[in-house]
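Asks: test case, fold it:
(chains A and B)
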2 protein chains.
Amino acid sequence: MPTAGFLVIGNEILSGKVVDTNSPFLAKELRKIGVDLERILTIPDEIDIIADEVRTMSAIYDYVITSGGIGPTHDDLTMDGVAKAFGLPMVLDEDLCKRIEDATGDHFNESMRKMAILPKGAGVQESGDLWFPLICVNNVYVLPGIPRLFEAKFPSVAEQMTGIPVQLKRVYVKTFESEIASYLHDLLEDFDELMLGSYPRMGEEHYRVLLTLESRDMGYLERALEALLSRLPAEIVHKVE
Amino acid sequence: MPTAGFLVIGNEILSGKVVDTNSPFLAKELRKIGVDLERILTIPDEIDIIADEVRTMSAIYDYVITSGGIGPTHDDLTMDGVAKAFGLPMVLDEDLCKRIEDATGDHFNESMRKMAILPKGAGVQESGDLWFPLICVNNVYVLPGIPRLFEAKFPSVAEQMTGIPVQLKRVYVKTFESEIASYLHDLLEDFDELMLGSYPRMGEEHYRVLLTLESRDMGYLERALEALLSRLPAEIVHKVE
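Replies: Prediction:
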């Protein structure tokens, strides 16, 4: 199955000044299209750290997505980090520079030109209605950090990914997690391919634990669910969905 | 300055089923006490991955905090991962087991006993009003994933940390980021110790960019702020706070 890593570049998140909403958005979207998100990593705006992590993630995962650090100021270092990760020089993309000039008109200046300096050979792709294109270097998609732009740009990435969606069943259980642990253990003995999650919930009126059963094979998932429900005492099951 | 890494252990976050609120909470709290959070990493519930990342973070940062994976079920693997990180055997802590028995009464069973099996030599410390203690292995604090418990337990960790709080000034600017980039560049030439952030904001009525100036030295910070304000055209500054 295709895998992905997400690299969040931003001192503002590490210092608690901004809440990262791109990670939960991306996790949900990748899930829908069936790409396994295996790691979310938030790091500071430092070229060498960005370069190291981009290089590592690019080698391990099918897709790498980055968020943040692509604006015109001194702390926007993502492109430099990606270039360094792959040993590429940074070069001015004349077409992109022209596009930025056209889009910004009188506001155009030297610092905006910086946004057209890309790792050599970077893919520059149209991205829906957005005037700024989607930039891609090898398997690394470089997205903006501003949530509105990140979310607007992601569909252009998604259409280049292929996955098989994961199917999910939820079982809400009325007892404590400790009281069903042995049932879960036994279920996994018989269904070792099942992805089985057990999440205690505090403050819910009707249940204490949410169980999630997941598989990309609906038949397998239904057999596992049936097996679990046949073993759990019926009176502790609040709801199945 | 003391540094910290945060390791979030949870398939439920990577698969988009649960939004991680512990990271923004922790980022804000560490900031208040003056500990630099340098990395937030979310990984799956897998022993070897947990072990690798705990080992790496423990060597790099002064403090490591983990979230999640310490309950009684099959997918609670954090303690095993921490033990493996340091090559420690897992052993039953008799006192903790007794405490769990007392706290859970009739609900006590074999799976709860699992929660008293800890890496050998782990620190077991009282934690405010919570009956379950704070577990610490070397410089790694192992916290629960449930936000209510994570937040209730964190003060016991915080009181063991020493830091110097970072001072912050904010400047709200009315123009585009690209138009102030050169001022920021020049400011950093004169104040190379300044932590300077530039964050474009969409949809705000009165400003387009939030600048953050930070330092642990209030005098230095005030001098940098004064220098910036003396250089920026007064009419583009919306507010300073």
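Asks: OK, contacts around the residue nearest the centre of chain A?
Replies: The centroid of chain A falls nearest to A:Leu26 when counting by CA atoms, centre = their mean (4.0 Å). For A:Leu26, the contacting residues are A:6, A:37, A:65, A:67, A:154, by CB atoms under 8 Å, 6 or more residues apart in numbering or on different chains. (Each C-beta comes from the backbone N, C-alpha and C, glycine too.)
Asks: for it, what is the enclosing helix or strand?
Replies: helix A:22-33 (DSSP states H and E).
Asks: sorry, back to before: whichever of the contacts of A:Leu26 end up buried, select them in PyMOL.
Replies: Those of the contacts of A:Leu26 that count as buried under 16 or more other CB atoms under 10 Å in any protein chain shown are selected in PyMOL with:
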select buried, chain A and resi 6+37+65+67+154
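Asks: which ones among the contacts of A:Leu26 are found in helices?
Replies: Assignment to helices by DSSP state H places the following of the contacts of A:Leu26 there: A:Phe154.
Asks: wait, which of the contacts of A:Leu26 is closest to chain B?
Replies: Taking CB to the nearest CB as the measure, chain B lies nearest A:Leu37 of the contacts of A:Leu26, at 4.8 Å.
Asks: does that closest one really touch B:Glu12, like I thought?
Replies: No: with contact defined as CB atoms under 8 Å, A:Leu37 does not reach B:Glu12; the gap is 11.7 Å.
Asks: okay, now the unreliable bits of chain A?
Replies: Along chain A, no part satisfies pLDDT under 70.
Asks: again, 80 this time
Replies: The model of chain A has pLDDT under 80 over residues A:107, A:129.
Asks: domain map for it?
Replies: As given by automatic domain parsing, the domain ranges for chain A are A:3-158, A:167-240.
Asks: among those, which is the most enclosed?
Replies: Highest mean neighbour count among those (mean count of other CB atoms under 10 Å in any protein chain shown): domain A:3-158, with a mean of 19.
Asks: for chain A, which segments are assigned as helices?
Replies: Secondary structure of chain A (DSSP H): helices at A:11-14, A:22-33, A:47-60, A:78-85, A:94-104, A:110-113, A:147-158, A:177-190, A:218-231.
Asks: which one of the ones you listed lies nearest to A:Arg208?
Replies: A:Arg208 lies closest to helix A:177-190 among the helices of chain A, at 7.3 Å (CB to CB).
Asks: just checking, what packs against that closest one?
Replies: Contacting helix A:177-190 under the criterion 3 or more CB pairs under 8 Å, 6 or more residues apart in numbering or on different chains; DSSP states H and E are the following elements: strand A:195-200, strand A:209-215, helix A:218-231, helix B:110-113.
Asks: again, only this time at 7 Å
Replies: With contacts taken as 3 or more CB pairs under 7 Å, 6 or more residues apart in numbering or on different chains; DSSP states H and E, helix A:177-190 sits against strand A:195-200, helix A:218-231, helix B:110-113.
Asks: restrict that helix to CA atoms and write it as CSV.
Replies: Taking Å, rounded to 0.1, in the frame of the first residue of the first chain, the C-alpha atoms of helix A:177-190 are listed here in CSV:
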residue,chain,number,x,y,z
GLU,A,177,-11.0,-1.4,28.4
SER,A,178,-9.3,-3.8,30.8
GLU,A,179,-12.4,-6.0,30.8
ILE,A,180,-12.4,-6.6,27.1
ALA,A,181,-8.6,-6.8,26.6
SER,A,182,-8.6,-10.6,26.4
TYR,A,183,-11.3,-10.6,23.8
LEU,A,184,-9.3,-8.3,21.6
HIS,A,185,-6.2,-10.4,22.1
ASP,A,186,-8.0,-13.5,21.0
LEU,A,187,-9.5,-11.8,18.0
LEU,A,188,-6.1,-10.8,16.8
GLU,A,189,-4.9,-14.4,17.1
ASP,A,190,-7.5,-15.4,14.5
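Asks: so what's A:Glu189 up against?
Replies: Listed by CB atoms under 7 Å, 6 or more residues apart in numbering or on different chains, A:Glu189 has no contact partners.
Asks: quick one: it from chain B, how far?
Replies: Separation of A:Glu189 from chain B (CB to the nearest CB, to the nearest Å): 10 Å.
Asks: pretty sure A:Asn109 is touching B:Ser178, no?
Replies: Yes: contact criterion CB atoms under 7 Å: A:Asn109 and B:Ser178 qualify, at 5.8 Å.
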